[in-house]
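> test case, fold it:
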Amino acid sequence: MGDGVDVGSISADPWLRRMMKVGIPLAVISIISLWSGQLMGIPGLFILFAVTGGLTLAIGLAYNVRFVLLAYRRSRE
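Numbering: from 1, shown residues only. Purely as a prediction, here's the structure:
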């Protein structure tokens, strides 16, 4: 954002913070379930990986869309 948009003020948005605080632990749970299911041979952990991975992707997409919208709004001000 080289157009003078303050990234620090955008990342202070409460919804972006919430998405970050939910998305990062979900990503960690997803990766741990994938690796532990593979190493221990527990196929049921793949379901946990699929659910948490999907949620993590959805939250990440929502985070990126909100960030771009906030940056666009701030650049127009």
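> and the residue nearest to the spatial centre of the chain, its phi and psi?
Among the residues of the chain, the smallest C-alpha distance to the mean C-alpha position (C-alpha atoms, centre = their mean) belongs to Gly60, namely 3.2 Å. With angles defined as degrees, to the nearest 10, Gly60 sits at phi -60, psi -40.
> and the gap between the residue nearest to it when sequence neighbours are not counted and Ser75?
The spatial neighbour of Gly60 that comes closest, neighbours along the chain excluded (C-beta to C-beta, 6 or more residues apart in numbering), is Gly23 at 6.0 Å. Where C-beta positions appear, they are placed from N, C-alpha and C, glycine not excepted. Between Gly23 and Ser75 the distance is 25 Å, computed by C-beta to C-beta, to the nearest Å.
> more neighbours: the two, which one.
Neighbour count, other C-beta atoms under 10 Å: between Gly23 and Ser75, Gly23 has more, with 18 against 11.
> so who does the more buried one touch?
Neighbour list for Gly23: 56, 59-60, 63 [criterion: C-beta atoms under 8 Å, 6 or more residues apart in numbering].
> quick one: the helix or strand containing it to chain centroid distance?
Using DSSP states H and E, Gly23 falls within helix 14-40. Here the centre of mass of C-alpha atoms in helix 14-40, compared against the chain's by C-alpha atoms, centre = their mean, to the nearest Å, lies 9 Å away.
> put the alpha carbons of stretch 58-73 into PDB.
Taking Å, rounded to 0.1, in the frame of the first residue of the first chain, the C-alpha atoms of stretch 58-73 are listed here in PDB:
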ATOM      1  CA  ALA A  58     -12.900 -19.200   4.800                       C
ATOM      2  CA  ILE A  59     -11.700 -17.000   7.700                       C
ATOM      3  CA  GLY A  60      -8.500 -16.200   5.700                       C
ATOM      4  CA  LEU A  61     -10.500 -15.200   2.700                       C
ATOM      5  CA  ALA A  62     -12.800 -13.000   4.700                       C
ATOM      6  CA  TYR A  63      -9.800 -11.400   6.400                       C
ATOM      7  CA  ASN A  64      -8.200 -10.600   3.100                       C
ATOM      8  CA  VAL A  65     -11.400  -9.200   1.600                       C
ATOM      9  CA  ARG A  66     -12.000  -7.000   4.700                       C
ATOM     10  CA  PHE A  67      -8.400  -5.800   4.600                       C
ATOM     11  CA  VAL A  68      -8.600  -4.800   1.000                       C
ATOM     12  CA  LEU A  69     -12.000  -3.100   1.500                       C
ATOM     13  CA  LEU A  70     -10.700  -1.100   4.500                       C
ATOM     14  CA  ALA A  71      -7.500  -0.100   2.600                       C
ATOM     15  CA  TYR A  72      -9.600   1.000  -0.400                       C
ATOM     16  CA  ARG A  73     -11.900   3.100   1.900                       C
END
